[in-house]
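S.K.: have a look at this prediction, sequence included:
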Amino acid sequence: MTKLVIVESPTKAKTISKFLGEDFQVESSFGHVRDLPKSVLGIDVENNFQPKYLVPAKAKKTVSYLKSLASKSDFVMLATDEDREGEAIAWHLLESLHLKKEDTKRVVFHEITKSAIDYAIKNPRTLDMNMVDAQQARRVLDRIVGYKLSPFLWKKVARGLSAGRVQSVALRLIVERENEIRNFKSEEYWSVAALLQIPNTKSQIPKIIESFLVKIDDKPLDKFEIKNKEQADKIISELEKSKYKVVSITKKEIKRNPLPPFTTSTLQQEASKKLGFSAKRTMLLAQRLYENGHITYMRTDSVNLSKESTSAVKNWLNKELGEKYASQAPRFFETKSKMAQEAHEAIRPTDVTQTPETIKLEDLSAQRIYKIIWQRFVASQMPQAIFDSTTIEIKANRYIFRASGNILKFDGYLKIWPQKFAEKELPEIKNNEELELKELKPEQHFTEPPPRYSEATLIKTLEDCGIGRPSTYAPTISVIQDREYVQKDQPGGGGRFLPTPIGEVVNKVLTENFPEVVDINFTANMENSLDAVAEGKEKWQDLIGSFYTPFIKNLENKYQEVGYQKIDKPEPEKTNEVCEKCGKPMVIRTGRFGKFMACSGFPECKNTKRIISDPKLIGMKCPKCNEGDIVERFTRKGRSRIFWGCSLYPKCDYATWTKPVIIPPEHSEVKEK
C-alpha cells in the first residue's frame, strides 16, 4: 500500500521521511504550485472577483511529477504548514493535481518530531476552506492594490514604483517619524543631585549616598519644572544653607517575572536587538531549524505552551539546576492577539535536552537563533528573580531627595535569560539621622527627538497597531528596502530606517489621495475582517467588494485631478578628486547600497567607484591563514552591503557573509558554514 505525503519544502520532506515507514513516500511541492499571473491583474472583477490561477512555468515539472505519483498511490496526504498559507498551498495541490477529496487527507503538526508526525498521520482532517478563503482574500486584496495603484504611481511619479497595502502603512510610519524628528524642538531642563555623607562612621572609607531631588514643598517634581540654569542656581543656593535629615526608609522585596516564549514578532525583535539580524534573515534561519526538527513552527502569534513541553522543561531544570530553579506549577502566558490563528503554540525547542551547548548545527547563525529560542523558552518556566529594594527619602527644608538601591537576592530565570540591571547597595542608615552635604550636582539636559524605527521597533509598532500577521512582517520590511523607499542610517543588519526622497513622494501621493490604503485603523480593521473570513463569519468576496467599488471610483478621479509629482533629489557632495576618464570633478552620490563616488559629468561619463575607508577590525585572526586579521568590509553588489574577510586579501581570499565570532573551546565543534 503506497501513501504519498506532500510538503512544501525539500528539507521538511527529508526530515519527515525519517519518521515514516517504507510504505510512505514524502515529496516536496517547492512552495506554491499555482498563483495569479504576473503580467495581468488575474482577477475577474465582473465575476465576483474570481481569481484566475495558473501553474507557473517553474512549477510545471513538479506538478507533473506529483500528479504521476498521486495516480499510483492509494491515497495522498497534504502535510503543508498549518497556517493560512499552508492551507492554501494544500488546496492548490488538491486542485492542480486533480486529487479526489475522498482519497486525500490533510495532516497538520506544530513540530517535526516522531510523536507529532505519528499523531498527525493517525488524526487527519479535512481541508479548512475558511482558512483558504482568508488567504485568497489577502492575495486578491493585495493584488488589486498593487496592480491598480502602481500604474498610477508610474504616471504621476516615476516608472518602476509599486504600492502595497501593508508596505504603504509601514512607509507612512517611517516618513511620519522622520517628520517628527525634523520638526522637533529641543527643550532644556535641569536635574539636581546631592552627594551626602553619613557622619561618625567607624569605617575609614566615607559612606556616600547619591540622591536626587524629587519633591519641592511636598509636590512631586515634574521632569521639566527646572527649566534653566537660573532656576537651578536658585535652588542650589537654598540647598547649600540647608540641613539634611533622613525622613523615611522603605525596604521591600521586588519580584521580576520572566518574559513569555517567543512569537514570530518577538523573535524578530530580539534577533534584531541582540544579534543584529534582519527580520528576513531571522525567518530563514528559523525556517531551517523548524524543517530540521529542532524548533516548533516559527510563524505564530501565540504564547501557548503544550503540557508536554512544560513538563519536559521542569524535569530538565530539576535535574540540571536543582528544584529551586524549577517553577512548582507551569507558567502560562496570555496571548496578546485577539485571534492567534497562525499556530497553536509559541516558538520553542522540540527537545529541551538539546541545549545550545550540545546541539550540533553547522551554521553558526542558526546556532545563535536556536540559543535565544531555547533560553527564552526555558526561562519562561523558571521562578521569578527577587531583588531587595531600599528607598531612602531625605529632607532639606522644603526639598525632598530620594536615594534608591537594589540587590539581587535570587537570580531565578536570570540564570538562563540574562537581562541588564544595575545593582546598587545603599549603606546602613537610621531614620531621622542627619547627613553631611558633600556636593550638589546640578545637571543640564535637553529633550531628544523620538528615535527612528529599527527593524525591531517597526515590527513591534506594526503588531501593536494590529497591522499584518506573523508571515508578513519580514516581507514588508524587505520590500520597502528593495523598492528603495527607505534606507538604513548605517550599513549591515542593524541601523534605523529613514525615508528616501522617492519614498517621501510616494507616501505623500498615497496619503493625500488614497488615505484608506495607508490608514492605520483601516488596515488593522481589514486584518480583523480577514480573521472573520478565517472563522467562517464573513465571505471573502463581500470583503473585497466593500473595498473595491469606492477604491476604483476614487482612483479614476485621481487620474484626472493629480498632476506629475517632482522628486527632490539631494545634491551630490563635492570632492577634491578628479575623474580619471574625463577629468571632471568626482562627487559623492547615494545609491541603494550607500554612498559611492561618481563623475559629475554623468550621463556623458558614467565612471563610478567605491569609497574606500579603513577596514574595521573585529579582534579575530583569520581562520584560514591564521596570519591576517578579520576585518569588516562593504560591497555595492550581491546580497548584502557588509561582509567580513581577511586583511591580507588578495594573498588570502577568506570571506564570509556571516560575522565570525570567537568560539570558546567547549563549542569548537560548531563551525561557520
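M.R.: Here it is on my side, so go on.

S.K.: longest helix anywhere in this protein?
M.R.: When the chain is scanned for its longest helix (criterion: DSSP state H), the result is helix 129-156.

S.K.: by contact count, what packs against that helix?
M.R.: Here helix 129-156 touches strand 43-44, strand 50-51, helix 84-96, helix 165-183, helix 501-513, helix 520-534, helix 540-561, going by 3 or more C-beta pairs under 8 Å, 6 or more residues apart in numbering; DSSP states H and E. No exception for glycine: its C-beta is placed from N, CA and C like everyone else's.

S.K.: the same query, at a cut-off of 6 Å, please.
M.R.: Here helix 129-156 is seen to pack against helix 84-96, helix 520-534, helix 540-561 when contacts are counted using 3 or more C-beta pairs under 6 Å, 6 or more residues apart in numbering; DSSP states H and E.

S.K.: tilt between the shortest one and helix 129-156?
M.R.: Interaxial angle of helix 84-96 relative to helix 129-156 (axes from the mean of the first three to the mean of the last three C-alpha atoms, to 10 degrees): 100 degrees.

S.K.: quick one, what contacts Q136?
M.R.: Contact analysis of Q136 by C-beta atoms under 6 Å, 6 or more residues apart in numbering lists W540.

S.K.: if we go to 7 Å?
M.R.: Q136 makes contact with P51, A88, W540, according to C-beta atoms under 7 Å, 6 or more residues apart in numbering.

S.K.: with I359 instead?
M.R.: Contact partners of I359, counting by C-beta under 7 Å, 6+ apart, are H294, Y370.

S.K.: go with 6 Å
M.R.: By C-beta under 6 Å, 6+ apart, I359 lies in contact with nothing.

S.K.: how near is it to P349?
M.R.: According to C-beta to C-beta, to the nearest Å, I359 and P349 sit 8 Å apart.

S.K.: tell me which helix or strand P475 sits in.
M.R.: Per DSSP states H and E, P475 falls inside helix 473-482.

S.K.: name the helices or strands packed onto that helix?
M.R.: helix 165-183, helix 279-291.

S.K.: and that helix, which residues are buried?
M.R.: Using 16 or more other C-beta atoms under 10 Å as the test for burial, helix 473-482 gives Y473, A474, P475, T476, I477, V479, I480, Q481.

S.K.: A524 versus the second one, what's the distance?
M.R.: Meaning A474. 19 Å.

S.K.: also G412?
M.R.: As judged by C-beta to C-beta, G412 and A524 stand 37 Å apart.

S.K.: neighbour-wise, which of those two wins?
M.R.: Neighbour count, other C-beta atoms under 10 Å: between G412 and A524, G412 has more, with 22 against 17.

S.K.: separation between that one and P260?
M.R.: 15 Å.

S.K.: give me the mean pLDDT for stretch 114-123.
M.R.: On average, the pLDDT along stretch 114-123 is 94.

S.K.: verify the assumption that W644 is located in a helix.
M.R.: No. Judged by DSSP: H, G, I helix; E, B strand; the rest coil, W644 forms no part of a helix; its state is strand.

S.K.: ok, it touching T658?
M.R.: No. At 7.8 Å, W644 does not count as touching T658 under the criterion of C-beta atoms under 6 Å.

S.K.: those two: who's more crowded?
M.R.: More neighbours surround W644 than the other of W644 and T658, with 20 against 17 (other C-beta under 10 Å).

S.K.: for that one, what are its contacts?
M.R.: Contacts of W644 by C-beta under 6 Å, 6+ apart are I630, E632, T656, K659, P660.

S.K.: who's in contact with the fourth one?
M.R.: By C-beta under 6 Å, 6+ apart, K659 lies in contact with W644.

S.K.: I'd guess it is in a helix, am I close?
M.R.: No. Counting by three-state DSSP, K659 is not found in a helix; it is coil.

S.K.: so how far is V145 from it?
M.R.: 37 Å.

S.K.: where exactly do the strands run in the stretch 301-450 of the chain?
M.R.: Under the criterion DSSP state E, counting those that start in this stretch, strands of the stretch 301-450 of the chain are mapped to 385-396, 399-410, 434-446.

S.K.: adding mean pLDDT, write those out as a markdown table.
M.R.: Converted to a markdown table, the strands of the stretch 301-450 of the chain look like this (pLDDT from 0 to 100):
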| stretch | mean pLDDT |
| --- | --- |
| strand 385-396 | 97 |
| strand 399-410 | 96 |
| strand 434-446 | 95 |
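
S.K.: highest average neighbour count across the ones you listed?
M.R.: strand 385-396 (a mean of 19; mean count of other C-beta atoms under 10 Å).

S.K.: parallel or antiparallel, list what pairs with it.
M.R.: strand 244-256 (antiparallel), strand 399-410 (antiparallel) (DSSP bridges).

S.K.: state the distance from the residue of the chain most remote from its centre to S191.
M.R.: For the chain, the residue at maximal distance from the C-alpha centroid (C-alpha atoms, centre = their mean) is N200, at 54.9 Å. Distance of N200 to S191, given as C-beta to C-beta: 30 Å.
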